[in-house]
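Q: Sequence unavailable; structure follows:
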């Protein structure tokens, strides 16, 4: 990543990160920059829409902006996953009567008010009496009466208008199809070629879905498992263990579960991911009304605030920035909500309500010590020297009261950490000695606005330097007036 050539930004002034989806309303370089200036830390490229050529232009624009501003920016490529859909109707649509019968079958002829094709043979013989089928995001709710290899006869608990190719959700059964379609495999290969930092995996039902994606990724990038299926919730611990990060995809969860089940489940997923030290993103409908309105509802503000209070690493904007009329305003509002929450005196106690005891390792013990030192001594920042980012994740898990300045020789690591709570990552040359660590830690703290004369900074690293997994050194340093003067002289000479 090139050094900044024209402009640099101060730290965001908040610890939770903002992930914004790119779409027609935001893919121009000018709007991407406005969103970044407004507070975006990472961008989501939705592979469900658009062509590879358009996505390539978006990724290039983000990388060009990254070089200009000198700050690592994460790019998450979100794979579409398999989509279950009904077939077509004679008139393009039909009306299913409330409490009436409706059949899903394998007949390719156009449907009517009594039946339609379900072009997914794997579902026949799988479903059982009493299980549900939800169509068009749950607007139509069917209950299975009888199912065999050719037909699924249902009773319409909630009827209504059904039209061609509407989506089908099967919340009560594990669907025997892989999480990756042929399209997803092509999209994944494209995303890796483009150098994205995170892959978002949709339709996760089982740990094996994660393993398959990992094999295709070949060790490249970080994998974010989207929790959007009830079946994934049942095996959540295993899925978290195999993933690099987790997304609470509330859209599909809200379709397949009862609405009142989603808020406690969101907290459960956030807590489990935090305990494991994996970044967790809360997504979907956070500021939905801002697709059309320049101001959110009070309920939406509370929703974002609660995710921040829960200690989520990142909050995500979807259609608000992808297709909405007020993308920049949506980011600005989300940024302000996060700042307001984190400025609350009760915030720190709330995010630490979750007990995250350190594992019996030196690295975990030192990461925990960073938190207690920052609570006891007036510390301006925790400077973490890391190659893989694992030390930064350990520190972030403790939710310290001060920000982290993460120094890494790996540009890829710095980018991935743009989704980590409290982390301000900088790609810089590696260190070779204790003295160099102290000098660089002070200099970088000054350069990036994390200290001034008299400030105390924690330095966390591993000896021998450059050895992965060797975090064993914690040192508290004080920035002196002479060091501030020397740094100012460097700036003046530049």
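A: Here it is on my side, so go on. Note that the structure is a prediction, hence the values are computed from the model and not measured.
Q: All the helices of the stretch 1-150 of the chain, residue numbers only.
A: Counting by DSSP state H, counting those that start in this stretch, the stretch 1-150 of the chain has helices at residues 29-38, 52-69.
Q: Contacts only, for the spatially most central residue of the chain.
A: Nearest to the mean C-alpha position of the chain, by CA atoms, centre = their mean, lies residue 281 at 3.8 Å. Each residue near residue 281 by CB atoms under 8 Å, 6 or more residues apart in numbering is listed here: 19, 224, 245, 246, 247, 248, 312, 313, 314, 315, 316, 419. From N, CA and C alone the C-beta is placed, and that goes for glycine too.
Q: For it, give its distance to residue 411.
A: Using CB to CB, to the nearest Å, we find residue 281 at a distance of 22 Å from residue 411.
Q: do residue 175 as well
A: Separation of residue 175 from residue 411 (CB to CB): 39 Å.
Q: who has more neighbours, these two?
A: More crowded of residue 175 and residue 411, by other CB atoms under 10 Å: residue 175, with 20 against 16.
Q: Phi first, then psi, for that one.
A: Backbone geometry at residue 175, expressed as degrees, to the nearest 10, gives phi -80, psi 130.
Q: Just confirm it contacts residue 204, I think it does.
A: No: checked against CB atoms under 8 Å, the pair residue 175 and residue 204 is beyond contact range at 11.6 Å.
Q: what's the burial count for residue 50?
A: Neighbour count of residue 50, defined by other CB under 10 Å: 17.
Q: for it, what are its contacts?
A: Residues near residue 50 by CB under 8 Å, 6+ apart: residue 23.
Q: ranges for the helices of the stretch 201-350 of the chain?
A: Using DSSP H, counting those that start in this stretch, the helices of the stretch 201-350 of the chain run over residues 207-217, 230-234, 236-242, 250-256, 262-275, 298-309, 319-322, 327-342, 347-351.
Q: gap between the last one and the chain center?
A: This means helix 347-351. Averaging C-alpha positions (CA atoms, centre = their mean, to the nearest Å) puts helix 347-351 21 Å from its chain's average.
Q: neighbouring contacts of it?
A: With CB under 8 Å, 6+ apart as the criterion, helix 347-351 contacts 308, 309, 310, 311, 341, 399, 401.
Q: and it, what's its mean pLDDT?
A: Throughout helix 347-351, pLDDT has a mean value of 95.
Q: For the residue nearest to the centre of the chain, give me the pLDDT.
A: So residue 281 comes in at 98 (pLDDT).
Q: Specify the beta-bridge partners of it.
A: residue 247, residue 314 (DSSP bridges).
Q: Which parts of the stretch 351-494 of the chain are helices?
A: In the stretch 351-494 of the chain, the helices defined using DSSP H, counting those that start in this stretch lie at 362-376, 390-397, 411-416, 434-447, 481-493.
Q: Include mean pLDDT and distance to residue 208 when you put the ones you listed into JSON lines, please.
A: Formatted as JSON lines, these follow (pLDDT from 0 to 100; distance: least, CB to CB, whole Å):
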{"stretch": "helix 362-376", "mean pLDDT": "95", "distance to residue 208": "29"}
{"stretch": "helix 390-397", "mean pLDDT": "96", "distance to residue 208": "25"}
{"stretch": "helix 411-416", "mean pLDDT": "97", "distance to residue 208": "24"}
{"stretch": "helix 434-447", "mean pLDDT": "92", "distance to residue 208": "42"}
{"stretch": "helix 481-493", "mean pLDDT": "63", "distance to residue 208": "52"}
